[in-house]
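In: fold the following, please.
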Amino acid sequence: MTHEPSNRREENALWSIFGYLVSGLLFWGGIGWAADHFFGTTYLVLIGLLVGMGGALYLVWLRFGRE
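Out: Numbers count the residues shown, from 1 in each chain. Have a look, this model is predicted:
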């Protein structure tokens, strides 16, 4: 039973990382999609997705990579 807190902490970390990645893609991809509709372009959603993934990876690195 001594491994249970460690496993729980790792599971919580994995869910946090997953949440960062999904929310970054949805938020910035959504902004890119809205900007595409507003400006009549087709490439801003891709830029939004790339910014979202880059930002999410940076946040994961800040939170978990420097420990």
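In: going forward, measure contacts between C-alpha atoms and count neighbours the same way
Out: Fine.
In: where are the low-confidence patches of the chain?
Out: Where the chain drops to pLDDT under 70, the residues are 1-4, 67.
In: that one: helices as residue ranges?
Out: Using DSSP state H, the helices found in the chain span residues 4-39, 44-60.
In: centre of the chain versus the last one, how much separation?
Out: Offset of helix 44-60 from its chain centre (C-alpha atoms, centre = their mean, to the nearest Å): 7 Å.
In: buried stuff in that helix?
Out: 44-45, 48-53, 55-57, 59-60 (16 or more other C-alpha atoms under 10 Å).
In: same check, this time on the first one
Out: Of the residues in helix 4-39, those with enough neighbours to count as buried (16+ other C-alpha under 10 Å) are 17, 20-21, 24-26, 28-33, 35-36.
In: one step back: same list (the helices of the chain) but as JSON lines, adding distance to Arg66.
Out: As requested, the helices of the chain are arranged in JSON lines below (distance: least, C-alpha to C-alpha, whole Å):
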{"stretch": "helix 4-39", "distance to Arg66": "14"}
{"stretch": "helix 44-60", "distance to Arg66": "10"}
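In: quick revisit: wait, which of the buried residues of helix 44-60 is closest to Arg9?
Out: Val60 (15.3 Å; C-alpha to C-alpha).
In: contacting residues around the closest one?
Out: Ile17, Tyr20 (C-alpha atoms under 8 Å, 6 or more residues apart in numbering).
In: make TSV from the buried residues of helix 4-39 and add distance to Glu11 to it.
Out: Formatted as TSV, these follow (distance: C-alpha to C-alpha, whole Å):
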residue	distance to Glu11
Ile17	10
Tyr20	14
Leu21	16
Gly24	20
Leu25	21
Leu26	22
Trp28	26
Gly29	27
Gly30	28
Ile31	30
Gly32	31
Trp33	32
Ala35	36
Asp36	37
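In: which of these lies closest to Glu10?
Out: Closest to Glu10, out of all of the buried residues of helix 4-39 and judged by C-alpha to C-alpha, is Ile17, at 10.5 Å.
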